[in-house]
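1. turn this into a structure:
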Amino acid sequence: MPDYSSIKHFNVHFPAEHQYVAHVEINRADKMNAFFEAMWLELRSLFDTLSADPSVRAIVLSGAGPKAFTTGLDVKAASEGGVLSAEGDADTARKAAHLRRYIGTFQDCITALERCEKPVIAAMHGFALGLAVDMATACDVRLCARDVRFAVKEVDIGLAADIGTLSRLPKVVGNYGWVKEVALSARMFGAEEAEKVGFVSRVFGGKEELVKGALEVAGLIASKSPVAVQGTKDILNWSRDHPVNEGLRYTAVWNSAALQTNDVPAAMLSGIQKRKPTFEKL
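-> Sure, this is the predicted structure:
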């Protein structure tokens, strides 16, 4: 297993009661888990590592503290020394090239959640603003507590959301009118509305119940064949962005290899014998 002890901005737990599950907790509760550059760079490194860790089959992502999953970008830190700070009289084209590379890197850090081979479950409570929605849409499953307050907040700081929400949220909920409303207005919406439009699949009473429920879902996923689970995630993500006939072709090519796994006869035999199957690490 890789060494996760050097991670600074996230707590990484492996709950004993849920084998092969990793629980990643955003660990900046004193700042409502707001992100600055070092955090999203570490997020990418962490999820790239979890993706390749054979001891991990499902991941829960939550926020530390009682107040927020994350309030998004730490605008104060960014304006004082980051890309949002003044850059003097730099040539416009050169400034644009710098910003394009910066935004591309930031996007890739959040895409690491989607790129991760293992299913990622977002467990959101309290404030979940701006970057929180970018992150959530890059996850595979979204769950929330009843107290959650969502907002696509970027227009309130003079930006069009550029880290994933505008590309992914319409595909998550399938309702462009609603997406445009919340993205253009930056208005808050809660758990009931999020569940109604399909942004989240389940709502829990409070944070403790939410995390417990998310870990149970992760544990159930982790009990399945990792060949089947990782293939399902990859095929779903690929098919989302391609026509049906191309998705079918991709699935056929993928399963021409994956169907040769020992997990298929192991799963079928366990069903006949009415016992829980066990699968080798992948």
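
2. what sits against the most centrally placed residue in the chain?
-> Nearest to the mean C-alpha position of the chain, by C-alpha atoms, centre = their mean, lies C139 at 2.8 Å. The contact partners of C139, by C-beta atoms under 8 Å, 6 or more residues apart in numbering, come to L61, L113, E114, V120, I121, A122. (Each C-beta comes from the backbone N, C-alpha and C, glycine too.)

3. relative to S51, how far out is D241?
-> Applying C-beta to C-beta, to the nearest Å, the value for D241 to S51 is 19 Å.

4. for these two, work out which one has more neighbours and name it.
-> Between D241 and S51, counting by other C-beta atoms under 10 Å, S51 is the more crowded of the two (17 against 9).

5. pLDDT at that one, what is it?
-> Note on S51: pLDDT of 98.

6. hang on, it packs against C116?
-> Yes. Under the criterion of C-beta atoms under 8 Å, S51 lies in contact with C116, with a separation of 4.3 Å.

7. overlap of the contact sets of the two?
-> By C-beta under 8 Å, 6+ apart, no residue touches both S51 and C116.

8. and this structure, what are its domains?
-> Following the TED database, one gets these domains for the chain: 10-223, 226-273.

9. figure out which of these is closest to D3.
-> domain 10-223 (9.4 Å; C-beta to C-beta).

10. following element in sequence after the helix or strand of the chain with the lowest mean pLDDT, please.
-> In the chain, no helix or strand scores lower on mean pLDDT, DSSP states H and E than helix 75-81, which sits at a mean of 73. Scanning forward in sequence from helix 75-81 by DSSP states H and E, the next helix or strand is helix 92-115.

11. in that following helix, what counts as buried?
-> Buried residues in helix 92-115, counted by 16 or more other C-beta atoms under 10 Å: F106, Q107, C109, I110, T111, A112, L113, E114, R115.

12. which one among these gets closest to S5?
-> Using C-beta to C-beta, the buried residues of helix 92-115 come closest to S5 at A112, 20.1 Å.

13. how near is the closest one to E216?
-> On the measure of C-beta to C-beta, A112 and E216 end up 25 Å apart.

14. and the closest residue to the residue nearest to the centre of the chain other than its chain neighbours, what element?
-> Distances taken as C-beta to C-beta, 6 or more residues apart in numbering place A122 nearest to C139, at 4.1 Å, with adjacent residues excluded. Per DSSP H and E: A122 is located in strand 120-124.

15. check the spacing between the residue nearest to A90 when sequence neighbours are not counted and I110 real quick.
-> Nearest residue to A90 in three dimensions, chain neighbours excluded: H98, at 7.9 Å (C-beta to C-beta, 6+ apart). H98 sits 19 Å away from I110, taking C-beta to C-beta as the criterion.

16. just the helices in the stretch 101-250 of the chain please.
-> Counting by DSSP state H, counting those that start in this stretch, one finds helices in the stretch 101-250 of the chain at the ranges 131-138, 165-173, 176-185, 191-197, 207-222, 226-240, 244-258.

17. from what I see, C109 and L43 are in contact.
-> Yes. Look at C109 against L43 with C-beta under 8 Å: they come within range, at 5.6 Å.

18. let's see the pLDDT reported for M1.
-> M1 is given a pLDDT of 78.

19. actually A96, not the one I typed
-> According to the model, A96 scores 89 on pLDDT.

20. that older thread, just grab the bridge partners of the residue nearest to C139 for me.
-> L61, R142 (DSSP bridges).

21. any figure for the gap between it and M135?
-> 7 Å.

22. endpoints of stretch 18-27, how far apart?
-> 22 Å (C-alpha to C-alpha, to the nearest Å).

23. now it: buried residues?
-> Neighbour-count burial for stretch 18-27 [16+ other C-beta under 10 Å]: H18, Y20, V21, A22, H23, V24, E25, I26, N27.

24. beyond the host helix or strand of N11, next helix or strand please.
-> Secondary structure assignment for N11, by DSSP H and E: strand 10-13. As assigned by DSSP H and E, the chain's next helix or strand after strand 10-13 is strand 21-26.
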